[in-house]
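Asks: Quick one, what's the 3D model for this:
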Amino acid sequence: MIITHQREKLINAMIYFADHTKYCGKTKILKLLYFLDFCHFKQTGKSVTGLEYFAWKMGPVPKELYEELSNNAGLDLKSAIDVVSYDDFRKIAPRRKFNKECFTKRELRLLENLSFIFRDAQVQEMIEATHLKNEPWDRTLKEKGPFSKIDYLLSIDSLPDSLPYDVARERAQEISEMHELFGAA
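Replies: Residues are numbered from 1 along each chain as shown. As a prediction, the model looks like this:
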């Protein structure tokens, strides 16, 4: 498996969240990654991890990572985290130290802020936070139906920390073109 920069960011974000939040199970970490990616996209026009999220009944889910955590984690992920099962709870525990070098200052700030906000949150609170009315998951579920891909552009709004829609769309298009040409952003 080729380890990309985005994959390193994904794994290190999981390590960070597992280290800095309580009750960090599979569902909570998937929700934290969603917030990380969509908050960063809203500000910059680019996600942190490159994950694609889908509108499942219980909220946004990065399907490939969900399946990897549920079934057969890659060697890079296995060497970085443990997924320990306790009845219905799958706790995420770091196996190695967090590497802040692969993140920008903005990304590190988002990791810190999200960990602070959701440090004590349990899974039901995480689910409620991703189910807010008119947010990307809710809009996708209503407009496209269950299991549809959530468009990052749905995170763009009129608040001061948001990019203008046209700028975000242009950046997303550029990243998509780079993926097509080179296989990575």
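
Asks: For the residue positioned nearest the centre of the chain, give its distance to Cys39.
Replies: Nearest to the geometric centre of the chain sits Leu33, at 2.3 Å (CA atoms, centre = their mean). Look at Leu33 and Cys39: by CB to CB, to the nearest Å, they are 11 Å apart. No exception for glycine: its C-beta is placed from N, CA and C like everyone else's.

Asks: just for this structure, where's the confidence low?
Replies: By pLDDT under 70, the weakly predicted segments of the chain are 1-3, 183-185.

Asks: Which parts of it are strands?
Replies: With DSSP state E, the ranges of strands along the chain come out as 54-56, 59-61, 81-86, 89-94.

Asks: which residues are in contact with the second one?
Replies: Contacts to strand 59-61, defined as CB atoms under 8 Å, 6 or more residues apart in numbering, come from residues 30-31, 34, 53-54, 126-127, 130-131, 136-137, 150.

Asks: Walk me through which strands it pairs with, and which way each runs.
Replies: Counting by DSSP bridges, the strands paired with strand 59-61 are strand 54-56 (antiparallel).

Asks: hmm, back to that, just the strands of the chain: most buried one?
Replies: Comparing the strands of the chain by mean neighbour count (mean count of other CB atoms under 10 Å), strand 59-61 ranks first with a mean of 24.
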